[in-house]
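Enquirer: Structure of the sequence below:
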Amino acid sequence: DVANADVILVMGGNPAENHPVGFRFAMEAKRKRKARIVTIDPRFNRTAAVSDVYVPIRAGTDIAFLGGLIHYALTHDLYQRDYVALHTNASFLIKEGFGFEEGLFSGWDKEKKVYDKSSWGYELDAAGYAKVDATLEHPRCVFQLMKKHYSRYTPEMVAAISGCTAAEFEKAAAH
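Expert: Modelled structure (predicted):
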């Protein structure tokens, strides 16, 4: 529903050039609704030319940039908490023993170079359903684990990985 969007994030493509029929909806949203178009791409292209914000990044660093956007949204309360709590697994509790250190999830066997995923499941109640924390505050709920995992993606870290400046990242994230 691009025509009704407030912000359109374009990464990994050039829809103005490659999908002009579909991109007209983004341009319509920009003209009629004052939607903002944010383009993240190593190359300045036709989409970037009509964007409100263009941030050049190194090829292959999209995931770090997206990790930064997740961190930014969480730390600036830019998500719909009720939706997240009610319609995602964010409130589900993960088993004791799950965690991550130095970029690796629990269960990594250094010798075999494989994961033992037994700690990766949900904590279950007596009826076999996942236990939940509707407040999203329990340290082992998916939401808190996600916050912890993405906390490393500060604007400075994103800039160091992707090659943009921290200010460029924050300008894109703020839109």
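Enquirer: contacts and neighbour counts: CA atoms only from here.
Expert: Noted.
Enquirer: Can you find the helix or strand in the chain with the smallest mean pLDDT?
Expert: None of the helices or strands of the chain scores lower by mean pLDDT, DSSP states H and E than strand 100-101, at a mean of 84.
Enquirer: Pull the distance from it to the chain's centre.
Expert: Relative to its parent chain, strand 100-101 has a centroid offset of 19 Å by C-alpha atoms, centre = their mean, to the nearest Å.
Enquirer: and what of stretch 78-88?
Expert: Remark: stretch 78-88 is offset 14 Å from the chain centroid, using C-alpha atoms, centre = their mean.
Enquirer: Restricting to C-alpha, output it in PDB.
Expert: In PDB, the C-alpha atoms belonging to stretch 78-88 read as follows (Å, rounded to 0.1, in the frame of the first residue of the first chain):
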ATOM      1  CA  LEU A  78       9.100   4.300  17.100                       C
ATOM      2  CA  TYR A  79       7.100   1.100  17.000                       C
ATOM      3  CA  GLN A  80       3.500   0.200  17.700                       C
ATOM      4  CA  ARG A  81       3.800  -1.400  21.100                       C
ATOM      5  CA  ASP A  82       0.200  -2.800  21.200                       C
ATOM      6  CA  TYR A  83       0.600  -4.400  17.800                       C
ATOM      7  CA  VAL A  84       4.000  -5.900  18.700                       C
ATOM      8  CA  ALA A  85       2.700  -7.300  22.000                       C
ATOM      9  CA  LEU A  86      -0.500  -8.700  20.600                       C
ATOM     10  CA  HIS A  87       0.400  -9.900  17.100                       C
ATOM     11  CA  THR A  88       4.000 -11.100  17.200                       C
END
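Enquirer: Could you list the residues in contact with it?
Expert: Here stretch 78-88 makes contact (C-alpha atoms under 8 Å, 6 or more residues apart in numbering) with 72-73, 90-91, 134-136.
Enquirer: Great, nothing more from me.
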